[in-house]
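Colleague: I would like the atomic coordinates for the input below:
(4 chains)
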2 protein chains.
Amino acid sequence: MKQLFSQIKTYYQTLIPDLQDQAWQKLQEKFTVQNLKKGELLTRNGEVCRQVSFINRGLLRMFYLVDGKEICTGFVKENGYLAQYDSFLTRQASTGNIDALEDCELINLSYDNMQDLYRDEPVFQIFGRKIAEMLFIMISSQTNQLLTLTPEERYKNILEKQAFIIQRVPQYMIASYIGITAEHLSRVRKKMTAKAG
Amino acid sequence: MKQLFSQIKTYYQTLIPDLQDQAWQKLQEKFTVQNLKKGELLTRNGEVCRQVSFINRGLLRMFYLVDGKEICTGFVKENGYLAQYDSFLTRQASTGNIDALEDCELINLSYDNMQDLYRDEPVFQIFGRKIAEMLFIMISSQTNQLLTLTPEERYKNILEKQAFIIQRVPQYMIASYIGITAEHLSRVRKKMTAKAG
DNA sequence: TGTGCTGATTGACAAATGTCAAGGAATGGG
DNA sequence: CCCATTCCTTGACATTTGTCAATCAGCACA
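Modeller: Numbering: from 1, shown residues only, chains lettered A, B, ... in the order given. Below is the predicted model of the structure:
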């Protein structure tokens, strides 16, 4: 049988180098496993996000619906952590959605269980802190790029630093992720290949 | 004599309701006070950000220099926390700057001192987590607004939710903060008053 | 009272980006 | 193999936003 929790254990050990067996035992008792088919929603606009999800397998995206159009704000693949984290933290209804771009296997941890862990095993405070710090670093880089780079530069950045997005996400979703339309991205790409070769 | 640490103590107590006197004592021994004149830099492009700053008094901004132009990414006033937090966390050279828009009185906590506190008084892990969570919530809202709102809507949002920025920050800085030029913001504002009145 | 200084506004024009509509390429299911 | 679906590209045109230069308004200060 496959080691369901082997990836997530590695992940936790990276963030908490001195994770003890006992704490890990308590932690994994709280996990629940969820499978999502491509296209299914994980969290929905208007509902409170009640868990964080570790992705064992698959690819998901976060997106908004604005005037009936989807605007993507992030893509996360296997061995990554994912949540509508602002909603999760504030217990407010989420304004965004998450759905599966590929069939997914997730390991979920609920808000209540996480609070219990914070209380009972303070070592997980470190984990919560590092997750928040990591998410902050990721999103602040995204904001800065939106403010300081051109669409072409933002696309090149994805090519260099998040190549899996180029390979596994439809181009029209990438377009909204970098703040432009699908048609415009198509033209930006054309101009890039013209320059390059 | 003024209670130099009264504001920051309140701030910590809000985030850590059961902060004990002993922990607070250890904490305030680590503080250093810094005064900045209007226009002076707190952290500089290319250097590692080595402290987080609580603002006792004054107003600061974070900004980038792109092709010789300043692009503002945030404004923080008295009773707020401020750092080039990505640089602070990663120990990498900061790509942004922070300077004072008004005369400021800051209470600083260095990276090394913060690590000591995390180790010696685990209760501060909670603080570190909540700070990171709060910063994440703030910046994710900013990113989402950049991707989903028009410049006019973003300006209105500042009017409603961060009115101090309108009152205390020059308009041309606000323009770059919402991702447009000063001239364009001027026209957006003109159009708004035309509609309203 | 002038005199700089800083920031805001305006006009004319250019560049970037969006919209709409059509068609083309790849792909998977019957 | 054909068909439907999904996604990408292209063209024509509209809209938004930027650039540059000039001027204006408020304000501190000699």
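
Colleague: stretch A:3-11: how far from the chain's middle?
Modeller: Remark: stretch A:3-11 is offset 17 Å from the chain centroid, using CA atoms, centre = their mean, to the nearest Å.

Colleague: so what touches that stretch?
Modeller: A:24, A:28, A:31, A:33, A:54, A:56, A:78, A:79, A:81, A:107 (CB atoms under 8 Å, 6 or more residues apart in numbering or on different chains). (Each C-beta comes from the backbone N, C-alpha and C, glycine too.)

Colleague: can you list the residues of chain A near chain B?
Modeller: A:64, A:66, A:71, A:73, A:85-86, A:89-90, A:95-96, A:118, A:122, A:125-126, A:128-129, A:132-133, A:135-137, A:139-144, A:146-148, A:176-177, A:179 (CB under 8 Å from any CB of the partner chain).

Colleague: what about these, which are in helices?
Modeller: A:85-86, A:89-90, A:118, A:125-126, A:128-129, A:132-133, A:135-137, A:139-144, A:146-148, A:176-177 (DSSP state H).

Colleague: list the contacts of residue A:137.
Modeller: B:86, B:89, B:90.

Colleague: hmm, I was thinking of residue A:113
Modeller: residue A:30.

Colleague: and for the one 5 residues further on?
Modeller: Residues touching residue A:118, when contacts are defined by CB under 8 Å, 6+ apart, comprise A:124, A:125, A:128, B:126.

Colleague: and these, which two are the farthest apart?
Modeller: Of all pairs drawn from the contacts of residue A:118, the greatest distance, 11.1 Å, lies between A:124 and B:126 (CB to CB).

Colleague: who's more crowded, the two?
Modeller: Comparing residue A:124 with residue B:126 by other CB atoms under 10 Å in any protein chain shown, the one with more neighbours is residue A:124, at 24 against 19.

Colleague: hmm, the more buried one is touching residue A:116, no?
Modeller: No: if you go by CB atoms under 8 Å, residue A:124 and residue A:116 don't touch, sitting 9.5 Å apart.

Colleague: now render the contacts of stretch A:3-11 as TSV, adding neighbour count, pLDDT and secondary structure.
Modeller: Shown next, in TSV, are the contacts of stretch A:3-11 (neighbours: other CB atoms under 10 Å in any protein chain shown; pLDDT from 0 to 100; DSSP: H, G, I helix; E, B strand; the rest coil):
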residue	neighbour count	pLDDT	secondary structure
A:24	17	96	helix
A:28	15	95	helix
A:31	16	98	coil
A:33	11	97	strand
A:54	22	97	strand
A:56	20	96	strand
A:78	15	96	coil
A:79	13	97	coil
A:81	18	95	strand
A:107	21	98	strand
